[in-house]
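Chemist: everything below, folded, please.
(one chain, ligands or ions: 2)
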Amino acid sequence: MTVHTSAARVNIALADCSYDILIAPGLLDAPASFDAVPLGASALIVTNATVGPLYAERLAAALASRHARVLRLELPDGEQFKTWETLNKIFDALLSQQADRGTVLYALGGGVVGDMTGFAAACYMRGVPFVQVPTTLLAQVDSSVGGKTGINHPLGKNMIGAFYQPLTVACDLATLKTLPPRQLSAGLAEVIKYGPIADMAFFGWIEQHIDALRACDAHALAHAVRRSCEIKAAVVGQDEREAGLRAILNFGHTFGHAIEAGLGYGAWLHGEAVAAGMVLAAELSRELGLASASLVERLRDLLIRAGLPVQAPVLSAQDNAGRYLELMRVDKKARQGEIRFVLVDDAGHATVHAAPGAAVRAVIERCRAQ
Ligand code: NAD
Ligand code: GLY
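Modeler: Numbers count the residues shown, from 1 in each chain. Ligands and ions are numbered 1, 2, ... in the order given. The predicted structure follows:
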């Protein structure tokens, strides 16, 4: 299949289950994109009400030679539906169709569909195979890679879930053409994240190509997705279950998750919350003497050019910083009630630290939206 000879391939090397991330336009329509999937009787494409009408038919056609029956399930669209109730719809579909242990789940959509489908695959009959077919930039550069799956809880983002790796990830770059600009910007937040935590040369490249990326330039997007996946694969390859290093991928997420939960899931996009969260985390790094003011300014400028928010929304009129702190205590990096943050330096290294409450409060107030 021609798409395959030209597809970029990033391997994610894990002890039990290494797999490839394929990156190219047109993968969705190419049966060879799914060569890593064992032939099995049944497949279930899990998608949502927005992505399904655009791409499910084409994916089903590509899978017809691999599976005798290809079922489809459309979930409601939105972060607010990343819940037990929606997850149960996947189990309902599987059980009512008598899906067995050989059934392969295909997650067709953004991070919400991918996280929920992966979690359903981890749980159904104690584990069935699944494949990620990410269709947002955010999902292609982050959420489809590395096996974090799960749902939200009203008290905390992504708090219920499992580590469960896909058989393969097929990033069809052509699907990004239908992505709304706001969603593309949200994905750019996770691309930009890889600079301060791992590769400032890549950060410089993004600074030079941000306009091309926002214009959906095919070459620029291909490079951004590939480099992001390489960085993520290297981190996950060393620390699949986040015993330590993997936490650096959560740069900006401690504040960001508080923003998402505090405003109500879906009010801000995940990438938008991460963008404002990265500015807060960079400011905190500066406050604690790890990063320079110029790094914080470069980051802030790039996020603005990417079309992303850089100020911390007000979560409480009474005690704004207190509300942030309360929400951040349920972060997965917290230990014995102590909140820990991913902090960065100017050289593109990240470390995880606790921080004095006064410093965190000062940063939240300094970055507060007017
Ligand atoms: P999303 O899944 O909500 O998708 C964004 C929107 O774009 C949705 O309305 C969706 O229907 C639409 N869409 C998707 N593909 C499209 C296309 N090609 N054309 C037109 N519309 C399209 O959001 P997201 O930003 O992809 O993912 C965010 C989620 O990912 C959050 O729940 C976050 O917690 C999770 N996440 C998980 C990880 C992980 O490691 N598992 C990492 C980062 C984020
Ligand atoms: N998105 C953070 C991680 O995969 O660890």
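Chemist: from here on, just use CA atoms for contacts and neighbour counts.
Modeler: Fine.
Chemist: residues touching the residue of the stretch 101-250 of the chain found nearest ligand 2, list them.
Modeler: For the stretch 101-250 of the chain, the residue closest to ligand 2 is L249, as judged by C-alpha to the nearest ligand atom, at 4.7 Å. Going by C-alpha atoms under 8 Å, 6 or more residues apart in numbering, L249 touches K193, Y194, I197, K232.
Chemist: G111 now?
Modeler: P134, T136, L138, A139, S143, S144.
Chemist: roughly how far does the fifth one sit from M116?
Modeler: If you measure S143 against M116 using C-alpha to C-alpha, to the nearest Å, the figure is 11 Å.
Chemist: before we move on, the earlier item: near ligand 2, from the contacts of G111?
Modeler: Filtering the contacts of G111 for neighbours of ligand 2 using C-alpha under 6 Å from any ligand atom leaves S143.
Chemist: same list (the contacts of G111) but as TSV, adding pLDDT.
Modeler: Formatted as TSV, these follow (pLDDT from 0 to 100):
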residue	pLDDT
P134	98
T136	98
L138	97
A139	98
S143	97
S144	98
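Chemist: most neighbours among the contacts of G111, which one?
Modeler: S144 (34 neighbours; other C-alpha atoms under 10 Å).
Chemist: surely it meets V131?
Modeler: No: here S144 does not reach V131: they are 9.0 Å apart, not a contact under C-alpha atoms under 8 Å.
Chemist: what touches both of the two?
Modeler: Each of V169 lies in contact with both S144 and V131 under the rule C-alpha under 8 Å, 6+ apart.
Chemist: who in the stretch 1-150 of the chain is up against ligand 1?
Modeler: 50-51, 77-79, 109-113, 115, 135-136, 138-139, 142-143, 148-149.
Chemist: any quick ChimeraX command for the buried ones out of those?
Modeler: Buried members of these can be picked out in ChimeraX with the line below, counting by 16 or more other C-alpha atoms under 10 Å:
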select :51,77,78,79,109,110,111,112,113,115,135,136,138,139,142,143,148,149
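Chemist: so of the residues of the stretch 1-150 of the chain next to ligand 1, which ones are in helices?
Modeler: The members of these that map onto helices under DSSP state H are V51, G111, V112, V113, D115, L138.
Chemist: in a markdown table, list those residues along with distance to L269.
Modeler: Compiled in a markdown table, those are given as follows (distance: C-alpha to C-alpha, whole Å):
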| residue | distance to L269 |
| --- | --- |
| V51 | 17 |
| G111 | 11 |
| V112 | 11 |
| V113 | 15 |
| D115 | 15 |
| L138 | 11 |
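Chemist: nearest to S42, out of those: which one, please.
Modeler: V113 (19.3 Å; C-alpha to C-alpha).
Chemist: which residue packs closest to A347, ignoring adjacent ones?
Modeler: M200 (6.7 Å; C-alpha to C-alpha, 6 or more residues apart in numbering).
Chemist: contacts only, for the spatially most central residue of the chain.
Modeler: When C-alpha atoms, centre = their mean is applied to the chain, the residue found nearest the centroid is S143 (2.9 Å). Applying C-alpha under 8 Å, 6+ apart, we find S143 in contact with G111, G114, D115.
Chemist: make it 6 Å
Modeler: G111 (C-alpha atoms under 6 Å, 6 or more residues apart in numbering).
Chemist: then the one 5 residues further on?
Modeler: K148 makes contact with F163 under the criterion C-alpha under 6 Å, 6+ apart.
Chemist: on the pLDDT front, check it for me.
Modeler: Listed pLDDT for K148 reads 97.
Chemist: circling back to that earlier point, between the ones in helices among the residues of the stretch 1-150 of the chain next to ligand 1, which is closest to A64?
Modeler: A64 lies nearest to V51 out of those, by C-alpha to C-alpha, at 19.3 Å.
Chemist: specify the local secondary structure of the residue of the stretch 101-250 of the chain closest to ligand 2.
Modeler: At L249 the chain is in helix, as set by DSSP: H, G, I helix; E, B strand; the rest coil.
Chemist: in the chain, which spans are helices?
Modeler: With DSSP H as the criterion, the chain has helices spanning 2-6, 51, 57-63, 84-96, 111-123, 137-138, 181-198, 200-214, 218-238, 253-263, 270-287, 293-305, 320-328, 357-366.
Chemist: and Q311, which of the ones you listed is closest to it?
Modeler: Comparing the helices of the chain by C-alpha to C-alpha, helix 270-287 comes nearest, at 5.5 Å.
Chemist: separation between V235 and ligand 1?
Modeler: From V235 across to ligand 1, the span is 12 Å (C-alpha to the nearest ligand atom, to the nearest Å).
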